[in-house]
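[1] Attaching a predicted model along with its sequence, questions to come.
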Amino acid sequence: MEIIIQPTQQAATEVAARLIATLLRDKPDAVLGLATGSTPLSLYQTLISMELDWSKVKTFNLDEYIGLPREHSQSYHSFMWENLFRHINIRKENIHIPDGNAKDIPRICEEYEKMIAASGGIDLQVLGIGTDGHIGFNEHTSSLASRTRIKTLTKRTRMDNARFFGSEEAVPFHVITMGIGTIMEARTNLLLAFGANKAAAIAEAVEGPIASSNPASVLQMHRSVKVCLDDPAASKLQRAEYFRWVYDNKPDWQTF
Ligand code: F6R
């Protein structure tokens with residue numbers, strides 16, 4: 001894991017955006033895995049401002065609520081169109097988001113996995129992290145080998161997401177999420193976390209034991225993970241000074 005700590009959310013976001021911009025320039029038909037929620041908002045704004053060419057890029061979103069109409073303001077379909085897709089030159093047929101209104105959920109989950117494989121696999125997966133350590137909506141005790149499937153949100157995640165829906169009761173109970181096994185197959189994972197409320201989950205994920213009690217900790221087993229943090233999200237890391245030192249002393253050819 002490469003831990004990149006920056007003084008502000010904007011500075012950490014810019015590092016992440018540069019990484020994605022470099023990928024899209026090197027590989028114009030790259031396959032990106034995308035996340036929703038408050039964390040990637042500044043990343044999407046920065047990417048939009050870079051005016052990159054998305055005409056050959058394919059995207060796969062991590063997750064979607066089950067039962068929310070697509071047009072609902074909090075569906076992840078709406079989120080992605082509002083915050084990224086309508087601002088870039090991506091082709092509609094290259095966008096993939098799980099269908100939370102499908103009649104046969106297991107079947108579309110299987111198809112989602114097949115579509116990812118048919119596209120050649122995900123080059124870079126953007127991840128946020130829940131305050132309980134979830135990635136995608138793989139809540140604690142998710143199988144570390146899981147594939148795209150239905151999950152039930154924890155009480156804590158429903159409380160965390162109540163801020164988007166106006167009340168906890170309005171947050172759906174069920175979601176479709178890529179599995180942890182699916183995420184682990186992305187060639188690179190790019191995890192972003194901002195704010196002190198993510199500090200405990202980040203410390204466990206980066207420095208704790210690998211355990212399904214903090215699903216993000218499995219990323220320690222992945223060969224290419226970058227973790228972009230602001231100072232508050234890094235505040236519980238015991239080795240923060242070491243991580244800063246490594247980043248500040250990277251050889252020129254390794255910087256991005
Ligand atoms: C969203 C997702 C979730 C969020 C996580 C953090 O697609 O997969 O894992 O990244 O719940 O959410 P925010 O960014 O709103 O704190």
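    Yep, it's here.

[2] just checking, residue 34 touches residue 80?
    Yes. Assessed by C-beta atoms under 8 Å, residue 34 is found in contact with residue 80 at 6.8 Å. In short, each C-beta sits where N, CA and C put it, glycine included.

[3] Which residues are in contact with each of those two?
    By C-beta atoms under 8 Å, 6 or more residues apart in numbering, residue 34 and residue 80 have these common neighbours: residue 61.

[4] So which of those two has more stuff around it?
    Neighbours were counted for residue 34 and for residue 80 using other C-beta atoms under 10 Å; residue 34 has more, 25 against 22.

[5] Look up how far residue 160 lies from whichever residue of the stretch 1-150 of the chain sits closest to the ligand.
    Closest contact between the stretch 1-150 of the chain and the ligand, by C-beta to the nearest ligand atom, is at residue 128 (2.3 Å). Using C-beta to C-beta, to the nearest Å, residue 128 is found at 11 Å from residue 160.

[6] Counting neighbours, which bits of stretch 24-34 end up buried?
    24, 30-34 (16 or more other C-beta atoms under 10 Å).

[7] Which of the residues you listed fall within strands?
    For the buried residues of stretch 24-34, the ones inside strands are 31-34, with DSSP state E as the criterion.

[8] will you turn the residues you listed into JSON lines that also has pLDDT and distance to residue 201?
    Below are those laid out as JSON lines (pLDDT from 0 to 100; distance: C-beta to C-beta, whole Å):
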{"residue": "31", "pLDDT": "98", "distance to residue 201": "27"}
{"residue": "32", "pLDDT": "98", "distance to residue 201": "24"}
{"residue": "33", "pLDDT": "98", "distance to residue 201": "20"}
{"residue": "34", "pLDDT": "98", "distance to residue 201": "20"}
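
[9] who's in contact with the residue nearest to residue 98 when sequence neighbours are not counted?
    Using C-beta to C-beta, 6 or more residues apart in numbering and skipping the chain neighbours, the partner closest in space to residue 98 is residue 176 (4.0 Å). Listed by C-beta under 8 Å, 6+ apart, the contact set of residue 176 reads 63-64, 66, 98-100, 105, 108-109, 112, 148-151.

[10] The residues you listed: which two are farthest apart?
    Based on C-beta to C-beta, the longest span within these runs between 99 and 151 and measures 15.5 Å.

[11] More neighbours: which of these two?
    Legend: neighbour count by other C-beta under 10 Å for residue 99 and residue 151, higher for residue 151 (21 against 18).

[12] What residues does that one make contact with?
    137-139, 142, 174-177.

[13] Just the buried residues out of the residues you listed, in ChimeraX syntax.
    With 16+ other C-beta under 10 Å as the criterion, this ChimeraX line picks the buried residues out of these:
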select :137,138,139,142,175,176,177
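
[14] So which of the contacts of residue 151 sit within strands?
    Cross-referencing the contacts of residue 151 against strands under DSSP E gives 174-177.

[15] which residues touch residue 243?
    3-5, 234, 237.

[16] hmm, 7 Å instead?
    Neighbouring residues of residue 243 by C-beta atoms under 7 Å, 6 or more residues apart in numbering: 3, 5, 237.

[17] What separation do you get for the residue most central in space within the chain and residue 65?
    What sits nearest the mean C-alpha location of the chain, by C-alpha atoms, centre = their mean, is residue 127, with 1.9 Å. As defined by C-beta to C-beta, residue 127 lies at a distance of 18 Å from residue 65.

[18] Could you do residue 86 as well?
    Residue 86 is 20 Å from residue 65, by C-beta to C-beta.

[19] So which of these two has more stuff around it?
    Set residue 86 next to residue 65 and count neighbours by other C-beta under 10 Å: residue 65 wins out with 25 against 10.

[20] Surely that one and residue 171 touch.
    No. Residue 65 is beyond contact range of residue 171, at 8.1 Å (criterion: C-beta atoms under 7 Å).
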